[in-house]
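Participant: This is the structure alone, sequence omitted:
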């Protein structure tokens, strides 16, 4: 990875430039956030020509490092108005890295009414008209593109939601079966791609040389050590492979922090009907795949393949957050309904968390009833999918939907919907939701580790004490991990097994000829967060944006009857480092 | 005015309390903003029980002071998220003052599904069920209420938009003919009233004693001096009485600052078809009233009565801002279309500025075409009036509509739509739009005076120099005037005729036995602005919220090909006093 590729959509000119010195050592989230902070006017409209979409593989992407296939996508977010990095699995990150591209920077705006695809091969970078893909959803887009570019290429695409500039639109990345199931979902980055007039990016690394590794021996040794640690840890070696991320449904429900019917109670009476255990049973019964990687070199394999009742492929195994958002959070207890919604989201190109939260807000408004699965599917398919006015409201996310329908209880921070953990019963994650520069985002500092799973220590989830430190350390570690291309799930092992943590910087050192240690990892994480907070400050964010909606502080959540009582002062100390 | 009346909608309890010492000398906007700042949690949801709706007459309301009938309505705004004071003419302010009520504070929230009316007479304060008014629009509400409470009472009401919690909903006040034509339009205060479960306030001052005046002789002399100055000044004595506020269409169009088709050019080719001159001709031809007061004791009489083609009453004469927003800003050149929209807005209870700006944003999205008057009427009547999903989007204002439809050029500051002056060609008003704590609001510091009308001096509208001082002084003066109950239009005389300014504090001194001078007026204005900015700061507003949308800084506006080039640094100095 020795170059930055700039694609000016206004002029359709593409340029390749060496990585500037100030970005040395940055990749993934670290690089997308640095470029966005340096180049995007903080007060620009997120869908204007002034915004930039930055796509970057991680430091270790394209190597044999286990679980190093994450792709970072960054921009000013049309949903939050702040800086955004959202990352996805799939195969694109590894291909971009092998093609030597540290970052793709998509700039400007194509002439109105034109649509383009960017085709990158070993020897060529081309921007080609993609009028035939106008209005197409992701599965259709991939079907068409593979006819021209083959099954071995990777595809980064947007569905109709991104083209239609919806604030909940995602950027889709193809998986190992060339299905558009892995998404940079959060923050509406698909709308930024759509606003540029860019429908698809084709990555063909055929003939590209392997990634340069300075010390092959050391690299292989560290990678092996890392893989062993991932296999050894109960979560990454057993829980996630067996049940996928949805192993969490029963666990979080048991903890009383499972937001049900738009965050009105912390336990769902039918949790067992949508649990990871039930999902595994269903998948196996129908001939699906219960343990499955989403990118090359994954040893955790938490992905799955979900079949419909007729044993035909329907979608990937819906993730825990998807199951929760579109299931219990909407009072829905049917895995097939959730899977159908998941398929629609992947196809139309939408953030499953934002959309589930939005449906729940609409249900709170009484537009349809909690538990109405057919109604939910109809809304996504017929309204959002067809971009009716109602569909456009829903596609704009929970905050807009709440405002349009006069709902007060809207679970968003920085206008981004809260994921699947009630911050009243699991307070550490509430600190992350409130203070992450990304808006409410569980992946930004996953305190469920110590709050619930007893990974990396133990912090009582119901007490305000200790949550700030927990969230701070995790936010710092996460910002670093998100820069490596490693899947965040490696954190379970990294937090508990010293060898796993060592292996991370040993791999980086071996690849780049560096001598980084633990302190350097923390320093990287801090610098990424500082850069992101700097952008947000310039965009008008203050400490008052680092707050949960007031109802979390005043409405008690059953069964613990807890409120979120980490003080504002404490929240303001999270980023003191 | 010796008491504050608190209405707790949660318990339906009403209490009367003496005015606390810290509010001594405050009334109108000064009092609503102080109470909101002191009592409303800045981060609460604006439609939650924690918000408060505060309604207050001005210092001089209820007296014979000319043009002293303005009523201030305040709350945390569901549109901007900041503090809001919006004031209206009509007859309610004078009645509230005569009933001795310095402020009505509506608190809490009525039980879901219940609707109430507050009936205030000389001896009684009653909260009564108003189920029969559910879903009714303002004209129907007034028709029903007058059957019970008579033609002599004043009514403060919300239409269906307020009940349905739309962010552009207004609070309507009846005029001298008992029509709901005067609105506290901006910032969605009707939705706050609706969220409380309060449909109407009936004010019957029958038998109430006159306002206490400490020095009757001095008061009468000052009031006479004031009236004479208003009659003498060309704007208040001739321009406004003859042509109404719509006298501005030709003037602002001539100045090249008349925002046309969603702020894409500064002159409208058919301005003469919707001008004040044409409006006057149309009104007179159809037997309307071309010079007409909106409240007792008005000597300016800029209001009018507009008849339809069949010479039947249609609506009040649409004001300049209404004509612009729903006319040229939407490419519409038909006064009858504009009048029909005005009638719908008054009836449904909507801000005419926000709605016109919203229609233009929707037109920019291509949903209907610029110039489509029938389409615009249909959208307001069938969609907003019936609260369809599209109607709910539009009723949420321009910012939400822009987000839902993916429009980048959305003319809002602090999420409130810009009024009828393009800040690129008239830069002083741009400073006010950017820096007023109210969001974009021409009445907050009406620089058109010196920028265009040569009132109170002359500042070249096209140069950045001098605009900050102009806007600062006007914002301070306005905050003071908005506290007196005086109509802002007295400012034309006050700025040019020393006797008019003297008369303002002489009337207050005579009424209250005070010895205020010019410095006290400025001090009052500054303290009001400081209080409002304090609230906004606590609600998360920063200097970055004191900015115009970026396209005003980058897109040149014909015919002057001007951009808004008052520096951010200069904007940040506006509130240095």
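Facilitator: Everything's here; your move. This one's a predicted model, so the numbers in the text were calculated from it and none came from an experiment. Numbers count the residues shown, from 1 in each chain, chains lettered A, B, ... in the order given.
Participant: C-alpha from now on. contacts and neighbour counts both.
Facilitator: Will do.
Participant: what are the bridge partners for residue A:302, then?
Facilitator: For residue A:302, the beta-bridge partners under DSSP bridges are residue A:292.
Participant: actually residue A:16, not the one I wrote
Facilitator: Under the criterion DSSP bridges, residue A:16 forms beta bridges with residue A:5.
Participant: That one: neighbour count?
Facilitator: If you count neighbours by other CA atoms under 10 Å in any protein chain shown, residue A:16 ends up with 14.
Participant: Contacts only, for it.
Facilitator: When contacts are counted by CA atoms under 8 Å, 6 or more residues apart in numbering or on different chains, residue A:16 is found next to A:3, A:4, A:5, A:6.
Participant: pLDDT value on it, please?
Facilitator: What the model reports for residue A:16 is a pLDDT of 97.
Participant: quick one on the thing from earlier: so which pair among the contacts of residue A:16 is furthest apart in space?
Facilitator: The largest distance within the contacts of residue A:16, taken as CA to CA, falls between A:3 and A:6 and amounts to 9.6 Å.
Participant: overlap in contacts of the two?
Facilitator: Common contacts of residue A:3 and residue A:6, defined by CA under 8 Å, 6+ apart, comprise A:16, A:17.
Participant: Just give the closest residue to residue A:398, not the sequence neighbours.
Facilitator: Ranked by CA to CA, 6 or more residues apart in numbering or on different chains and with sequence neighbours excluded, the top spatial neighbour of residue A:398 is residue A:358, at 4.2 Å.
Participant: so the one you found makes contact with residue A:394?
Facilitator: Yes. Shown here, residue A:358 and residue A:394 form a contact pair, counting by CA atoms under 8 Å, at 6.3 Å.
Participant: who touches both of the two?
Facilitator: Shared between the contact lists of residue A:358 and residue A:394 (criterion: CA under 8 Å, 6+ apart) are residues residue A:401.
Participant: who touches the strand or helix carrying residue A:401?
Facilitator: Following DSSP states H and E, one finds residue A:401 within helix A:398-404. For helix A:398-404, the external contacting residues (CA under 8 Å, 6+ apart) are A:354-355, A:357-359, A:361-362, A:393-394, A:408-412, A:415-417, B:166-167, B:389, B:392-393, B:395-396, B:400, B:404.
Participant: Return the residue of chain A that is most distant from the centre.
Facilitator: Relative to the mean C-alpha coordinate of chain A, counting by CA atoms, centre = their mean, the farthest residue is residue A:217 (32.9 Å).
Participant: In a helix, that residue, correct?
Facilitator: Yes. Checked against DSSP: H, G, I helix; E, B strand; the rest coil, residue A:217 lies within a helix.
Participant: What distance do you get for it to chain B?
Facilitator: Noted for residue A:217: a distance of 52 Å to chain B, by CA to the nearest CA, to the nearest Å.
Participant: pLDDT wise, what is that residue at?
Facilitator: Listed pLDDT for residue A:217 reads 98.
Participant: go on, residue A:2?
Facilitator: Looking at residue A:2, the pLDDT reads 88.
Participant: could you say what helices and strands whichever helix or strand residue A:282 is part of packs with?
Facilitator: Under DSSP H and E, the secondary-structure element containing residue A:282 is helix A:276-285. Other elements packing on helix A:276-285 under the criterion 3 or more CA pairs under 8 Å, 6 or more residues apart in numbering or on different chains; DSSP states H and E are helix A:240-243, helix A:248-254, strand A:289-292, strand A:303-307.
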